[in-house]
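Peer 1: Sequence and predicted structure, then a few things I'm wondering about:
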Amino acid sequence: MILIAGPFRSGTGDDPELLARNLARLEEAAWPIFRSGHLPMIGEWVALPVLRGAGGKTVTDPVAEEVMYPTADRLLHHCDAVLRLPGESTGADQDVAIALSRGLAVYHRVEDIPGYQAA
């Protein structure tokens, strides 16, 4: 399982349309990772439903602090690697630091992932 890490909230001003655009950018890496024999994972795929279950409506709700970053930390206990996409992101940088501290591989290009197959 490879965690896709990159900008989600960064530079969006928490505008829902810009958040959705950033999530779509993260999701663009999902198919190439899957096609290469791995299982892609994005923290927001898990965190956003959990946030809603906790009563949060947006990523700015106070409960989001208890959900968003901790979700990625928990996911990284189950991941084999991280794909760090370009762009400024405190959360993605934190994911990389956690991955490195746990001895996980960190890739910066999908083409560097073992088994990568061009379309």
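Peer 2: Perfect, thanks for sending it.

Peer 1: Look up how far residue 110 lies from residue 22.
Peer 2: Note on residue 22: its distance to residue 110, by C-beta to C-beta, to the nearest Å, is 17 Å. No exception for glycine: its C-beta is placed from N, CA and C like everyone else's.

Peer 1: do the same with residue 79
Peer 2: Counting by C-beta to C-beta, the gap between residue 79 and residue 110 amounts to 15 Å.

Peer 1: Going along the chain, name the helices of the chain.
Peer 2: Here the chain has its helices, by DSSP state H, at 16-27, 30-35, 43-53, 68-75, 90-101.

Peer 1: Make a markdown table out of the ones you listed and add mean neighbour count.
Peer 2: Formatted as a markdown table, the helices of the chain follow (neighbours: other C-beta atoms under 10 Å):
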| stretch | mean neighbour count |
| --- | --- |
| helix 16-27 | 14 |
| helix 30-35 | 16 |
| helix 43-53 | 18 |
| helix 68-75 | 17 |
| helix 90-101 | 17 |
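
Peer 1: Which of the ones you listed sits closest to residue 83?
Peer 2: helix 30-35 (6.8 Å; C-beta to C-beta).

Peer 1: Mind checking the pLDDT average for that closest one?
Peer 2: Summarised as a single mean, pLDDT over helix 30-35 is 97.

Peer 1: again with stretch 54-70
Peer 2: 95.
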